[in-house]
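Student: Return a 3D structure for these sequence lines:
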Amino acid sequence: MAMAQSPKVAKLENPLNAPLLKGMEVEMPELQKNVTELTPAAKFDFVKENQKRIMRKPAQTATLSAPVALPATEASEIGFVANWNEVEGANYYEVDVYRAYQTSRDTIYDVLYENFYLTEPSTTGSYYNNYLWENAYRWNWVLINGQLGDQCVLLPNDVENGSELDTPDLDLSMGGTDETGTIYLTLLAEGTVGDMFGIGYFYYDAELDDYKTEVLGIIELEEASMARIYTFEDMPLSQAAGFFFYTMADIGNASDVKIKIVMVSQPVAAGSEFTTFYNFYQTQETSSLVFTMEKDVETEGVTDEFMYVVYALDVNMETGVINDSSEMSNVIVVGEESAVEGLTAGNDKIFVHDNLHVVLEKPATVDIYNMAGVRVMSVEGVEGDNEIALPASGAYIVKAGNTVAKVMK
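Tutor: You can find the predicted model right below:
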């Protein structure tokens, strides 16, 4: 199947008319994230042929059973392995990962970190019109007329229609609290001194139901290896936004430009708390490696947690058509022993009649999670009927002792 070009980024005209950007020099040792011996996930044959994320169509009734998500294993500062049970009739699974962040102090929130550590050189002269799956920590990077290098992405100087690298869609909305704000972009790029490449910004405009694109400027390499931080103020903080990097033939570079590190960050104020969609993975296995390179484990006053849910899929492996997709699994909070560990059948009863009712055989803690995996309530239940007023309408996962149920108010 031929891959379509990025739907987000329009063809750029007269790129040299964009302003020349000047950034603050970066001390790169501060950016060297520790990569442990977590090995890359297996290469996926089917997903590389898909042009967009697998999703169940509206109003489609799932006949596949929902998977039971199991506790994460191999959790570290940079990743974990998500696990779930095998579902009869499923030949693929999708893991959706969420991130819950809160801070009691002013700090910097790292939204994206990529050093292309997983990238291996492609055959000389072969250019990609493809999503970068196993070549990056985060899925859905888009590379158009570019080439994979050794731990870098190459933007060639000899492509007639130019080349382009897009970051994945990032949730830069800060939990929907702000419409505009400051974004920091950290780059390590290499090439011949004097070579140039452009930077742009894309974001989803909900009112227009479409992406908007803005050229931010041109970067000229002042050194053969140049690391800089660029600050962009009053940027639209969309739930689906990101940066793109491009070259065009009329820029006249002497060599290919190497993009080696990309980091996107935002300032966050004390008291901020939000949950965002982080990433998704698709596999035929019953486990998946998840990289969380941006996780903050050092800043005092910061809680930075990840959670995941799983969908079972029945996919036509020749055409890519999704025959069926299950409902969502239970939620697993990584590293939290009290997280929802699986849908289990117990003697306790959980149901909604006006309010939530949890009927317990003996006293137990009742934990209530929203569908993003955030615990919104915790109640010490007593023997018998416990009537609990849920905070708002919507779907919840309730864990009481060994019984777990999904309920809807």
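
Student: what about stretch 196-215, distance to the chain center?
Tutor: Offset of stretch 196-215 from its chain centre (C-alpha atoms, centre = their mean, to the nearest Å): 18 Å.

Student: What of stretch 112-120?
Tutor: With C-alpha atoms, centre = their mean, you get 14 Å for stretch 112-120.

Student: again, but for stretch 190-209
Tutor: 19 Å.

Student: Please identify the buried residues of it?
Tutor: 190, 191, 195, 196, 197, 198, 199, 200, 201, 202, 203, 204 (16 or more other C-beta atoms under 10 Å). The C-beta positions use only the backbone N, C-alpha and C, and glycine is treated the same way.

Student: Now that we have those residues, can you turn them into CSV and tack on pLDDT, distance to residue 279 and secondary structure?
Tutor: CSV is the format used below for those (pLDDT from 0 to 100; distance: C-beta to C-beta, whole Å; DSSP: H, G, I helix; E, B strand; the rest coil):
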residue, pLDDT, distance to residue 279, secondary structure
190, 96, 27, strand
191, 96, 29, coil
195, 94, 32, coil
196, 93, 31, strand
197, 93, 26, strand
198, 91, 26, strand
199, 93, 23, strand
200, 92, 22, strand
201, 93, 20, strand
202, 91, 18, strand
203, 90, 18, strand
204, 84, 17, strand
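
Student: so how far is stretch 72-85 from its chain's centroid?
Tutor: That offset, for stretch 72-85, works out to 15 Å (C-alpha atoms, centre = their mean).

Student: Now the terminal residues of that stretch, how far apart.
Tutor: By C-alpha to C-alpha, to the nearest Å, the extent of stretch 72-85 from end to end equals 12 Å.

Student: Let me know the average pLDDT across it.
Tutor: For stretch 72-85, mean pLDDT is 89.

Student: in that stretch, what counts as buried?
Tutor: Applying 16+ other C-beta under 10 Å to stretch 72-85 flags 72, 78, 79, 80, 81, 82, 83, 84 as buried.

Student: Let me know the helix or strand that the first one is in.
Tutor: Assessed by DSSP states H and E, residue 72 sits inside strand 69-73.

Student: Show me what that strand is packed against.
Tutor: Using 3 or more C-beta pairs under 8 Å, 6 or more residues apart in numbering; DSSP states H and E, the elements in contact with strand 69-73 are strand 79-84, strand 302-315, strand 332-333.

Student: Give me the spatial nearest neighbour of residue 226, chain neighbours excluded.
Tutor: Leaving out its chain neighbours, the residue that sits closest to residue 226 by C-beta to C-beta, 6 or more residues apart in numbering is residue 189, at 5.8 Å.

Student: who's in contact with that neighbour?
Tutor: 197, 219, 221, 225, 226, 257, 258, 259, 260 (C-beta atoms under 8 Å, 6 or more residues apart in numbering).

Student: Report the buried members of these.
Tutor: Applying 16+ other C-beta under 10 Å to these flags 197, 219, 221, 226, 257, 258, 259, 260 as buried.

Student: Closest to residue 247 out of the residues you listed?
Tutor: Nearest to residue 247 out of the buried ones among the contacts of residue 189 is residue 197 (C-beta to C-beta; 5.0 Å).

Student: just to revisit the earlier point, pick the most deeply packed of the helices and strands packed on strand 69-73.
Tutor: strand 332-333 (a mean of 24; mean count of other C-beta atoms under 10 Å).

Student: Give the other helices and strands that that one contacts.
Tutor: By 3+ C-beta pairs under 8 Å, 6+ apart, strand 332-333 packs against strand 69-73, strand 302-315.

Student: what's around the closest residue to residue 132 other than its chain neighbours, how many residues?
Tutor: Excluding its sequence neighbours, the residue lying closest to residue 132 (C-beta to C-beta, 6+ apart) is residue 141, at 3.9 Å. Counted with other C-beta atoms under 10 Å, residues neighbouring residue 141 total 23.

Student: ditto for residue 26
Tutor: Neighbour tally, residue 26, other C-beta under 10 Å: 17.

Student: The helix or strand harbouring the residue nearest to residue 226 pairs with which strands, parallel or anti?
Tutor: Using DSSP H and E, residue 189 maps to strand 180-190. According to DSSP bridges, strand 180-190 forms sheet pairs with strand 225-236 (antiparallel), strand 257-268 (antiparallel).
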